[in-house]
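Engineer: Fold the following for me, if possible:
(one chain, ligands or ions: 1)
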Amino acid sequence: MSGEERRHPAAFPLDDRAIYDAYVAGRQSAALTVGVRVGLFDKLDQTPLDVQTIADEFDFSLRGARSLLVALEAMGVVTCEEGLYGLSPEAAAYAVHGRSGSLVSLIELEMDHFLSPVALLEALKKDSSTAYGDADPWEEHERDPEAAARFTAAMHSVSERPAAGFAEVAPLEGIERLLDVGGGSGALCLASASAHPDLSCTVWDLQVVCDLAEKYADEAGLSEQVRTLAGDMWNEPFPDGHDAVLLSQILHDWSHEQGGVLLDKAFACLPSGGRVLIHEKIVDEEGGPLANALVNLDMLVWTKGQQYTAAELKGLLVAAGFEGVQCEPTAGYWSVVWASKP
Ligand SMILES: C[S@@+](CC[C@H](N)C(=O)[O-])C[C@H]1O[C@@H](n2cnc3c(N)ncnc32)[C@H](O)[C@@H]1O
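Structural biologist: Residues are numbered from 1 along each chain as shown. Predicted coordinates for the structure are as follows:
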C-alpha cells in the first residue's frame, strides 16, 4: 500500500482534506495580518533573525514566536536557513511597508474588519453593509476622514499592481482625457498617466477621497497629469470633456440595476467613439478562480454588490448602448472589459 493510500482509512475512503483545508484557512489570514501589523516582515526584510531574537523584539512568548514562524514558513511567507528566519521573495515584494505594490494596507484592514463567521452570518441575514455597523460605508468615510484614509490606502494597496497591468493592456492609445469614476487613490490613473505621458486623468470621487488622491498624485510626481474633481456619481451627471470613462472596482460595489444606471451615465457623458473601461476581478463561467469567488463575501459585508462574470458585464454594456465589448486579463486575478460608444 502506498503512503498516499494509507491516508485513507477503509471506513472513510473519501479524502476529508478539501473540507479540513477550507476550515483551517482563516489561520493563514490571521498569521499574515499579525506579521504585517507588528512589523515582523519589515524587520526580517532588513536582516534574518532567530526565533529567540524575534520573540524578544516583538514581546512574543518563545512558544508563540515558534508557532507563528512555523505557520508562516509552511505558508511560503518566511524561509528558515540554519535557524535564521528571512522573507520569501513574494513576502519581500508584497508584505513590507513602504514598497510600491505592497499589499500591507489591504492586509492591515483585516485587523479591524476580519471576515469572521459571526460577521458573515450577520451580513447574510441583513443583506446590507455591516462593516461599520449600520452606517453606509461611503457616508462613514465622509464623516471620518481617518477611516476614509485607511480604506483608500487599502484600495491603493490592492490596485497598484493590477493598475500597472491595466496600463499595459487597456486600449488607452488615442485617449486624451480619462475620467476615473470613484477613482479612490487614483492608482489606475497614476499607472496610466505614467505609461501614457500625453494622457490627462480626472479622479472623480467624494471630497474626502479627492483630498487623499491629491497626495498620492503629488507623491508620484504626477499632479499635472492626474487631477481630482469632487462629486457624487449618484446625484450628478458624469462630468463631460472626457473621451474615456473608467470604472475600477465600482460596479462590484452596487447592484446590477445600479451598475446599469452608472453605465447609462457613462454613455451620456462620452462623445461618439468614446470608450468605457471596467476593471474588476471577474468570475469565470465555472465560478472561479477561488480568490475572485471569495470576494463576493467581502462585497456582502462592505457593499451592496457582487463580483461579475464577463458575460454579465457585456450584458450591462450592451444594454447601455455600447458596442465592441472585449475582455483581457491585466494582472493576477484582474481583467479589463472595454467597449465603445457608437
Ligand atoms: C472600491 S473603491 C474603488 C477605488 C478605485 N477605483 C480602485 O479601483 O482602486 C470605491 C470608490 O468609490 C467611491 N465612491 C463611493 N460613493 C461615491 C459617490 N457617491 N460618488 C463618487 N465616488 C464614490 C469611494 O469613495 C471609493 O473611492
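Engineer: In the stretch 51-200 of the chain, what residue spans correspond to helices?
Structural biologist: 51-58, 62-74, 89-94, 104-113, 117-126, 137-143, 145-169, 187-195 (DSSP state H, counting those that start in this stretch).
Engineer: which of those sits most buried?
Structural biologist: helix 187-195 (a mean of 25; mean count of other CB atoms under 10 Å). No exception for glycine: its C-beta is placed from N, CA and C like everyone else's.
Engineer: Are there helices or strands packed against the next helix or strand after it, and which ones?
Structural biologist: Downstream of helix 187-195, the next assigned helix or strand under DSSP states H and E is strand 200-205. The contact analysis (3 or more CB pairs under 8 Å, 6 or more residues apart in numbering; DSSP states H and E) places strand 200-205 against strand 177-181, helix 187-195, helix 207-219, strand 226-230.
Engineer: how many neighbours does S128 have?
Structural biologist: By the criterion of other CB atoms under 10 Å, S128 has 11 neighbours.
Engineer: Report the separation between it and the ligand.
Structural biologist: Using CB to the nearest ligand atom, to the nearest Å, we find S128 at a distance of 15 Å from the ligand.
Engineer: Spit out the contact partners of whichever residue of the stretch 1-150 of the chain sits closest to the ligand.
Structural biologist: Proximity of the stretch 1-150 of the chain to the ligand (CB to the nearest ligand atom) peaks at W138, 4.0 Å away. Residues near W138 by CB atoms under 8 Å, 6 or more residues apart in numbering: L206.
Engineer: For it, give its distance to A55.
Structural biologist: Taking CB to CB, to the nearest Å as the measure, W138 falls 42 Å from A55.
Engineer: can you check G184 too?
Structural biologist: Distance from G184 to A55, by CB to CB: 38 Å.
Engineer: give me the low-pLDDT residue ranges for this protein?
Structural biologist: 1 (pLDDT under 70).
Engineer: So which residues on it come close to the ligand?
Structural biologist: 138, 141, 155, 159, 182-184, 187, 205-206, 209, 232-234, 248-250, 253 (CB under 6 Å from any ligand atom).
Engineer: what domains does the record give for the protein?
Structural biologist: Domain assignment of the chain by automatic domain parsing yields the ranges 3-94, 108-340.
Engineer: Return the most buried member of the ones you listed.
Structural biologist: By mean count of other CB under 10 Å, those have domain 108-340 as the most buried, with a mean of 18.
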